[in-house]
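Chemist: 3D model of this:
(one chain, ligands or ions: 1)
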Amino acid sequence: MAVPLLDLRLQYAQVKDDVQRRMSALCDSQQFILGAPVEELESAVRDYTGCGHAIGASSGTDALLALFMAMGIGRGDAVITTPYTFFATAGCIHRTGAEPVFVDIDAATYNLDPAKLEDCLRKKCHSGPDGRPVTAAGNRVRAIMPVHLFGCVCDMDRIGVLAREFDLPVVEDAAQAIGADYPSKAGRTMRAGAIGEASYFSFFPSKNLGAFGDAGMATCRDAVLAAQIKLMRNHGMGAQYHHEKVGGNFRLDALQAVVLSAKLPHLDAWHAARRRNAALYREEFEKLGLLDRVTLPVEPYAMAGVPNHHIYHQYVVRVPDRDRVREKLTAAGIGCAVYYPVPLHLQECFASLGYREGDFPESEKAARESLALPIYPELTNEQIREVTAVLGLILA
Ligand SMILES: Cc1ncc(COP(=O)(O)O)c(C=O)c1O
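Modeler: From the prediction side, this is the model:
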């Protein structure tokens, strides 16, 4: 039985009528740029995540770029993040003229390791004139950007302690984590995108909440910053044809907004289905005695009683001889993928940053060993059993 990595047609069937009704109304109006549909989605995302302000954008990448531009991040600045993430995270830092500074991940969660962040801030940076850290290259650290990779929120309590000590804002990369909950030690449950000073989501079609093309959203706590992001989204234009800043065209299409508004009410049920699939994978791998060869994803907040402790944007396991396993799974018709085969510090375009192989061992190891298996909500139990059975044969 073939099992695709993702089949969005099954999701579309659930929302088709609503999407088509909303799209048809929009087509009748012929009002495609910003307006009520975008504002409606922004308001729904604010309610859903608890963030202060939400600003729709043409992609996750553009949301992040608009956010950095609004924060005034540029030449002479630096932003700390991990090298084990999608390219856009560091690409946007670089595009502003700032320096991406990498800190290795925690092996179990694939997220920014707070101990290594502390090491970076205390030992690899020195203190600038205002007491904030300055990198070895002489750039002022302007933000810490943890990435909630694969749908599980980073250890935000420990990151927050360091951010406060060094007086740095936390910009969450929540591209893969809309709806993911975080049980803070202060006893409050917070949602990805509403924990740090600012954040952004990607609505790339394969995301848990996916558009019919590219779309994204920036979020932030502060109203002044939100106004700046809005300005940057639309060529820095305040009054019509009066440009206060140089921004870009980072606007969210109304057509994408109506699709996302139709899908958002289903999102929690889809997250829950992904968690159910993850539980069945665990059960099956255990039954097959494969847990000595397949390392399953961890669920650090499973016992905390928060609704979306993990939203499983991807279900990523580690296997020995990953590339051979991937080839065999593909040959057997089982969809799988590698996120991400080359960590960002080893990307050709970042050679000038001066990083070398061995600098971030956990990211490099994850890039060699990790393999994403199908996890989408509509996957059947039979399909999951097929994936585990085939993997069992390959690893026998
Ligand atoms: C971690 C991460 N950051 C940034 C992005 C960029 O988002 P987009 O593809 O919507 O531009 C993505 C999505 O692909 C992502 O997964």
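Chemist: every contact and neighbour count from this point should use C-alpha atoms.
Modeler: Noted.
Chemist: how about the strands in the chain?
Modeler: Using DSSP state E, the strands of the chain run over residues 53-57, 77-81, 99-102, 126-127, 133-134, 140-144, 171-173, 181-183, 189-191, 198-202, 216-220, 315-318, 370-373.
Chemist: out of the ones you listed, nearest to the ligand?
Modeler: The closest of the strands of the chain to the ligand is strand 198-202. By C-alpha to the nearest ligand atom, the value is 3.9 Å.
Chemist: which residues does that closest one contact?
Modeler: Outside of strand 198-202, the residues that reach it under the criterion C-alpha atoms under 8 Å, 6 or more residues apart in numbering are 59-61, 63-64, 67, 170-178, 193, 210, 215-221.
Chemist: same thing but at 6 Å, please
Modeler: Contacts to strand 198-202, defined as C-alpha atoms under 6 Å, 6 or more residues apart in numbering, come from residues 60, 171-175, 193, 216-220.
Chemist: farthest-apart pair in those, please.
Modeler: For the contacts of strand 198-202, the maximum inter-member distance is 15.3 Å, found between 171 and 216 (C-alpha to C-alpha).
Chemist: report the distance from stretch 285-294 to the chain centre.
Modeler: Offset of stretch 285-294 from its chain centre (C-alpha atoms, centre = their mean, to the nearest Å): 29 Å.
Chemist: just the CA atoms of it, as CSV, please.
Modeler: Output in CSV follows, covering the C-alpha atoms of stretch 285-294 (Å, rounded to 0.1, in the frame of the first residue of the first chain):
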residue,chain,number,x,y,z
PHE,A,285,7.1,0.7,16.9
GLU,A,286,7.0,-0.7,20.4
LYS,A,287,5.0,-3.8,19.3
LEU,A,288,7.4,-4.4,16.6
GLY,A,289,10.4,-4.1,19.0
LEU,A,290,11.9,-1.3,16.9
LEU,A,291,12.6,1.2,19.6
ASP,A,292,16.3,0.2,19.8
ARG,A,293,16.7,1.3,16.1
VAL,A,294,14.1,4.0,15.7
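Chemist: what comes up buried for that stretch?
Modeler: Of the residues in stretch 285-294, 285, 290, 294 count as buried by neighbour count, 16 or more other C-alpha atoms under 10 Å.
Chemist: kindly report the same for stretch 245-264.
Modeler: Buried residues in stretch 245-264, defined by neighbour count with 16+ other C-alpha under 10 Å: 245, 247-248, 250-264.
Chemist: got a list of what residue 170 touches?
Modeler: The contact partners of residue 170, taken as C-alpha under 6 Å, 6+ apart, are 143-145, 196-197.
Chemist: swap the cut-off to 10 Å and go again
Modeler: Listed by C-alpha atoms under 10 Å, 6 or more residues apart in numbering, the contact partners of residue 170 are 79-80, 142-146, 156, 159-160, 162-164, 195-199.
Chemist: okay, and the beta partners of it?
Modeler: When bridges are called by DSSP bridges, residue 170 pairs up with residue 144.
Chemist: that older thread, and the contacts of residue 170, which are buried?
Modeler: For the contacts of residue 170, buried by 16+ other C-alpha under 10 Å: 79-80, 142-146, 156, 159-160, 162-163, 195-199.
Chemist: just checking: which of those residues also lie near the ligand?
Modeler: Among the buried ones among the contacts of residue 170, proximity to the ligand is found for none (C-alpha under 6 Å from any ligand atom).
Chemist: returning to what we had before: for the strands of the chain, please prepare JSON lines with the additional fields mean pLDDT and distance to residue 395.
Modeler: Putting the strands of the chain into JSON lines (pLDDT from 0 to 100; distance: least, C-alpha to C-alpha, whole Å) gives the following:
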{"stretch": "strand 53-57", "mean pLDDT": "98", "distance to residue 395": "44"}
{"stretch": "strand 77-81", "mean pLDDT": "98", "distance to residue 395": "35"}
{"stretch": "strand 99-102", "mean pLDDT": "98", "distance to residue 395": "34"}
{"stretch": "strand 126-127", "mean pLDDT": "96", "distance to residue 395": "48"}
{"stretch": "strand 133-134", "mean pLDDT": "98", "distance to residue 395": "47"}
{"stretch": "strand 140-144", "mean pLDDT": "98", "distance to residue 395": "40"}
{"stretch": "strand 171-173", "mean pLDDT": "98", "distance to residue 395": "35"}
{"stretch": "strand 181-183", "mean pLDDT": "98", "distance to residue 395": "34"}
{"stretch": "strand 189-191", "mean pLDDT": "96", "distance to residue 395": "38"}
{"stretch": "strand 198-202", "mean pLDDT": "98", "distance to residue 395": "35"}
{"stretch": "strand 216-220", "mean pLDDT": "99", "distance to residue 395": "39"}
{"stretch": "strand 315-318", "mean pLDDT": "98", "distance to residue 395": "12"}
{"stretch": "strand 370-373", "mean pLDDT": "98", "distance to residue 395": "14"}
